[in-house]
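> Predicted model follows, preceded by the sequence.
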Amino acid sequence: MFLFDELRGLDWFPRADIYRTPSGWLVKIDLAGVSPDEVTVERRGSELRVSGVRRDRFVQKGYRHHSMEISYSSFERTLRLPCRAEECSLRTEFAEGMLLITLDEEGEP
Amino acid sequence: MSATPLVLPVFPLKNAVLFPYLGMPLAAGRPVSVAAIEAAVATEEKEILVVAQRDASVQEPGKDDFFDVGTKGVIRRLAPAPQGGMQVFVQGIQRVRLREITQLSPFVAARFEQAPVALDVGDEVEALEREVKALAEKALALARPDASEIDLSQLTGGEEDRLRWLYIVASLMGLEMARSEELLSADDLTKALNLMHGYLQHEVRILGLRQDIASKVQTELSKQQKEALLRQQMRAIQDELGEGDEEGAEAELLRERIEKANLPEAARKEVERERERMKKLPAASPESGIIRSYIELVLELPWNERSEAVLDLARARQVLDEDHLDLDDVKSRILEHLAVLKLNPEAKAPILCFVGPPGVGKTSLGKSIARAQDRKFERMSLGGLHDEAELRGHRRTYIGAMPGRILQALRRVKVNNPVLMLDEIDKLGRDFRGDPASAMLEILDPQQNDSFRDNYLDLPFDLSKVFFITTANTLDTIPRPLLDRMEVLRLAGYSENEKLAIARRYLLPRQLQESGVDPARCVIPDETLLRAIERYTREAGLRQLERTIGRVVRKVAVRFAEGDPGTVTVKPDDLVEMLGPEPFRLEKVRREMVPGVAAGLAWTEVGGDVLYIEATLLPGGSGLTLTGQLGSVMQESARAAQSYLWANAKALGIEPDRFKEQGVHIHVPAGAIPKDGPSAGITIATALSSLYCDKPVRPDTAMTGEITLKGLVLPIGGVKEKVLAAHRAGFKRVILPRENEANLRDLPKDVREATEFLFVDRIEEVLREAVIGHCMGEPESVERA
């Protein structure tokens, strides 16, 4: 039997930090090993939805797993922001395995 | 996102089902499992199909050994197992349907297609969802009290949660394999919910029952444990206090008492048996209490104890004379019985029945009899007693059973030869519970009562030494068989002079003492007492008189208390001031008599009374009208009287026209009091005769006697009371049947001397003596007493 804590911990559930910046918001998501091509960022109201797939690109023929702790396969993370994400200008970049999403309120008319 | 591969390795799962959205740790030991996992983790996405095996015992499953529906999962963790093989944690992703097994070795692989559960919507599904949720909460609370903090409602965010929580509940409830597979196979939400509903309902019922059983066992156990603990503590305390074994001590005490008690053999055997029975019972049990009270009763009953009856006739006579004035007849009868008992101590005690109006001293006479013989005295009232069991007890099998009153009385007096007075035997009731009068038959029969059997005691008890005295106001309501067993002694009322003597000797001193008045300072002369007797009381007994004297004495006491230093003498005329207006004057002689009225005499339970019979003609009417609550005997007697007068009208000098033309109405006041009996016969005849002749009856004459159709006058009862009533009312002449002449012996001398008695055989004599100037012919001689 599995309790929910366990479930949460084992689910592929990328962690996120959210910063308040002078011009708006910065969302940083731990997406190590995920190809930027396979990440989708969507906005709906004040919600920011990040989804994608992590694939094990390092496994090769003839390798055998001894143990495995990294979660693969598809993930989905929805973050609620204290601003109207939809109405902000949005910029994404990948750096050191982190996805950085910059939301600029001042960019709004 | 790349397209989902349509062929994946299959992990054959035994005895379990992986649900989508849920994770599950799996141990892979079998080569097919290990190979499947290795193949899965070697891919970029680590996906694997987890499908349950139909038969858990199959080690190398074939194509047909899998269920059709399984779950596609992702391997999240992998670790080598200490005992070989590997442990993985698989997260269920989605429900799939197998299409084809593509290989079996080294691992099983299958082609599959996604098979999402149809999330149907509608009122019906919603209702079902809510119902299942409510049930699920109940079931979880019962089955997993530890998981109660899991708030299912948190999950119900997205649309998929509608299915997800169902799977979570299934896994939390530990749904068995077959049902789990069934649930997973459900193609739409409605079906899944229905399955879950059925399962949960069953589960809730079973769990509820289990909990009940468990808690019952729990309470039962803890109660017993508590009791045992308390007992142990009690024993420890008793030991500490040195009280030791209380139960044992009590049983020992009882045994000693039984040994010492002077019991007849049968009773001893019974008591021993009961004591043996009691020993086997715990002291606290109710049964034990019942047995103890039974044994105590047997021990306390006076089986052989008796007070030594003093049979000194001279002393007995003295005691009786001290306590009661006159009543010579009764006293001599009592002395006769005592004499017999003296000559033959084994003789059975007589059963006396004192009959008389209230307040004539029946109870106090009983006490005197006990005192005269130095016996103990006990009395009980039978008035209103309507349950036979009151006398004879309840059988011990009944809860709250008690011995009957007779045995209780004997237990109280502690001797078997007391004077036992049974008051008001004429007022025994009876109802569906039985007839106490019939039980009295046994108790009062000297032939039977030496082995009286009380239902509670259930042993024969000898009542034959008991001196029974019963009292009654009237004999009419006593059943014949009961009356037959008793020797009836009549205590009639007292005359004024007797009352005066009793008041002077007993009542006044007693009242003076009770009020704390010095007898020397309160003088109440005879005239005052007589005035009180005549004008303030109307009774055969003395209770009213005693109360009246008490009131007078208290008025005097008030004067002394207010500081009057002198002596108070109460004159007859002071009574009005002290007691108020005189209440009784009505039944005095009517001074003016009109034709058609005659004075009769009646016997009542409170003594004799004067009765005026009034008759009046009804011009133009016919027949005979009787009013005044007359009983049938009295009505017949009135008809007989009228018929006689009519038939002998000529000889009696009555105008026949007076009968023919007019009806007659006879009334007997007071109209509210029922009256019956034949003794008013001659009075009615006299009243009618006086009416027809239009001549008044002498006002100083009262009469009583039964009349026959041929004019004979027959004797009647209660002569003494009737004559006393006439005397009290102030009649100088009383007409009586000749056969009642002997009854005058009972009358006090002063009454006999003050009254002229006329004894008659025929109605003509009555008319001649009573009606002034009766129109009848030949005068005959009437003997005068």
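Now that the structure is in, tell me what you want to look at.
> Which residue ranges of the stretch 501-650 of chain B form helices?
B:508-515, B:526-536, B:543-561, B:574-579, B:632-647, B:649-652 (DSSP state H, counting those that start in this stretch).
> show me what contacts B:L320?
B:L320 sits next to B:331, B:334-335, B:368-369, B:372 when contact means Cβ atoms under 8 Å, 6 or more residues apart in numbering or on different chains. Every C-beta, even on glycine, is put in place using the N, C-alpha and C of the backbone.
> what about the residue nearest the centre of chain B, distance to B:L483?
With distances taken as Cα atoms, centre = their mean, the residue of chain B nearest its centroid is B:D387 (10.3 Å). Computed with Cβ to Cβ, to the nearest Å, the distance linking B:D387 and B:L483 is 22 Å.
> Ok, B:K675 next?
Counting by Cβ to Cβ - B:K675 and B:L483 are separated by 23 Å.
> Give the closest residue to B:D55 in space, chain neighbours not counted.
Nearest residue to B:D55 in three dimensions, chain neighbours excluded: B:D65, at 6.4 Å (Cβ to Cβ, 6 or more residues apart in numbering or on different chains).
> doesn't B:A56 make contact with that neighbour?
No. Applying Cβ atoms under 8 Å, one finds B:D65 not in contact with B:A56, separated by 10.1 Å.
> which of the two has more neighbours?
B:D65 (17 against 13; other Cβ atoms under 10 Å in any protein chain shown).
> Show the contacting residues for that one.
So B:D65 contacts B:12, B:53-55, B:58 (Cβ under 8 Å, 6+ apart).
> Same check on B:L747?
B:495, B:720, B:723-724.
> Specify the local secondary structure of the residue lying closest to A:P36 once chain neighbours are set aside.
Among residues not flanking A:P36 along the chain, A:F94 sits closest, at 4.7 Å (Cβ to Cβ, 6+ apart). With DSSP: H, G, I helix; E, B strand; the rest coil as the basis, A:F94 sits in strand.
> what's the pLDDT at A:F94?
The per-residue pLDDT reported for A:F94 equals 91.
> Okay, and the residue nearest the centre of chain A sits in which element?
The centroid of chain A falls nearest to A:I29 when counting by Cα atoms, centre = their mean (4.3 Å). Secondary-structure assignment from DSSP states H and E places A:I29 in strand A:24-30.
> Name every sheet partner of that strand and say whether each one runs parallel or antiparallel.
Strand pairing for strand A:24-30, using DSSP bridges, gives strand A:16-21 (antiparallel), strand A:98-104 (antiparallel).
> As a markdown table, those strands with mean pLDDT and distance to B:G198 would be great.
Conversion of those to a markdown table gives the following (pLDDT from 0 to 100; distance: least, Cβ to Cβ, whole Å):
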| stretch | mean pLDDT | distance to B:G198 |
| --- | --- | --- |
| strand A:16-21 | 89 | 43 |
| strand A:98-104 | 90 | 47 |
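> Give me the buried positions along stretch B:81-92.
Judged by neighbour count (16 or more other Cβ atoms under 10 Å in any protein chain shown), stretch B:81-92 contains these buried residues: B:85-92.
> near chain A at all, that stretch?
Yes. Against chain A, stretch B:81-92 shows contacts by Cβ under 8 Å from any Cβ of the partner chain at B:88-89, B:91.
> separation between A:E69 and chain B?
As judged by Cβ to the nearest Cβ, to the nearest Å, A:E69 and chain B stand 6 Å apart.
> wait, that residue sits on B:I75?
No. The pair A:E69 / B:I75 is not scored as a contact, 11.0 Å apart, by Cβ under 8 Å.
> Comparing these two, which residue is more hemmed in?
Neighbour tally, A:E69 and B:I75, criterion other Cβ under 10 Å: the higher count belongs to B:I75, 25 against 10.
> Chain B against chain A: which residues are in contact?
Near chain A, when you scan chain B using Cβ under 8 Å from any Cβ, you find B:1-2, B:22-25, B:38, B:41-47, B:74-80, B:88-89, B:91, B:93, B:147, B:150, B:171-172, B:174.
> swap the cut-off to 7 Å and go again
B:1, B:22-24, B:38, B:41-42, B:44-47, B:74-80, B:89, B:91, B:150, B:171-172 (Cβ under 7 Å from any Cβ of the partner chain).
> Mind checking which of the residues you listed are buried?
B:22-24, B:38, B:41-42, B:44-47, B:74-78, B:89, B:91, B:150, B:171-172.
> ok, and the closest non-adjacent residue to residue 80?
In the absence of a named chain, this looks at chain A. Nearest non-adjacent residue to A:R80, counting by Cβ to Cβ, 6+ apart: A:E47, 5.6 Å away.
> That was the other one, I meant chain B.
B:M86 (5.5 Å).
> ok so, going back, would you mind listing which of the contacts of B:L747 are buried?
Judged by 16+ other Cβ under 10 Å, buried ones among these: B:495, B:720, B:723-724.
> least confident pick among these?
Within the buried ones among the contacts of B:L747, pLDDT is lowest for B:S495, at 72.
> Filter the contacts of B:L747 down to the ones in strands?
When DSSP state E is applied, those are split such that none fall in strands.
> With distance to B:I469 as added columns, please give those residues in a markdown table.
Rendered in a markdown table, the data for the contacts of B:L747 read as follows (distance: Cβ to Cβ, whole Å):
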| residue | distance to B:I469 |
| --- | --- |
| B:S495 | 25 |
| B:K720 | 21 |
| B:V723 | 27 |
| B:L724 | 24 |
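> can you tell me which of the residues you listed are in helices?
Using DSSP state H to define helices, the subset of the contacts of B:L747 located there is B:720, B:723-724.
> where are the low-confidence patches of the stretch 1-150 of chain B?
Along the stretch 1-150 of chain B, segments meeting pLDDT under 70 span B:1-5, B:145-150.
> For it, which segments are assigned as strands?
B:7-13, B:23-28, B:47-52, B:69-80, B:86-103, B:108-114 (DSSP state E, counting those that start in this stretch).
> And the ones you listed: which comes nearest B:G122?
Closest approach to B:G122 among those (Cβ to Cβ): strand B:86-103, 21.4 Å.
> what about whichever residue of the stretch 401-550 of chain B sits closest to chain A, how many residues close to it?
Closest to chain A within the stretch 401-550 of chain B is B:A401: 63.9 Å, counting by Cβ to the nearest Cβ. Using other Cβ under 10 Å, the number of residues around B:A401 comes to 16.
> now do the one 4 residues further on
B:R405 is flanked by 20 other residues according to other Cβ under 10 Å.
> Please name the residues that touch it.
B:380, B:390-391 (Cβ atoms under 7 Å, 6 or more residues apart in numbering or on different chains).
> Now distance to B:S622, secondary structure and neighbour count too, for those, in JSON lines please.
Listed next are the contacts of B:R405 as JSON lines, based on distance: Cβ to Cβ, whole Å; DSSP: H, G, I helix; E, B strand; the rest coil; neighbours: other Cβ atoms under 10 Å in any protein chain shown:
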{"residue": "B:M380", "distance to B:S622": "57", "secondary structure": "strand", "neighbour count": "18"}
{"residue": "B:E390", "distance to B:S622": "56", "secondary structure": "helix", "neighbour count": "20"}
{"residue": "B:L391", "distance to B:S622": "56", "secondary structure": "helix", "neighbour count": "25"}
